[in-house]
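In: got a predicted model here, sequence first, then my questions.
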Amino acid sequence: MTKKHNSIQEMDPSFKPLMKSFAIDLIVYIPLATIYFLILIRFAQEPLIRLFAEQPVGYGFFGLAILVSQAVFLEIVISWLLRRIGLRN
């Protein structure tokens, strides 16, 4: 009779580093995204409202640029941190 696997960790040895990486992603991403959001609301609220009212297409492109730049910045920070910890090569 074959031995049944009791946990995912026994099936896949890369599960533990994956969970560590995911936890670090959350621990880093949540505060940085929150700070970014608060700064954006604090300093860019009025210009964004004006841009939305006057040029909705420009507002859309600006929103997309903000979204992409945030994603790139956070990926760089998290990748650097995970390399320093040793969870990524």
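Out: Everything's here; your move.
In: and the gap between V72 and D25?
Out: 15 Å (Cβ to Cβ, to the nearest Å). C-beta here means a position set from N, CA and C on the backbone, and glycine is covered the same way.
In: more neighbours: those two, which one.
Out: Counting neighbours by other Cβ atoms under 10 Å for V72 and for D25 shows that D25 has the greater number, 16 against 10.
In: pLDDT score assigned to L48?
Out: Looking at L48, its pLDDT stands at 91.
In: do E54 as well
Out: The per-residue pLDDT of E54 was computed as 97.
In: just the one 10 residues further on next, same as before
Out: According to the prediction, L64 has pLDDT 95.
In: distance of it relative to G58?
Out: 11 Å.
In: now K16
Out: When K16 is compared with G58 (using Cβ to Cβ), they lie 47 Å apart.
In: quick one: contacts of stretch 53-61?
Out: Stretch 53-61 is touched from outside by 48, 51-52, with contacts defined as Cβ atoms under 8 Å, 6 or more residues apart in numbering.
In: for the spatially most central residue of the chain, grab phi and psi.
Out: In the chain, the centroid-proximal residue (Cα atoms, centre = their mean) is Y29; its distance is 4.8 Å. The phi and psi values for Y29, taken as degrees, to the nearest 10, are phi -70, psi -40.
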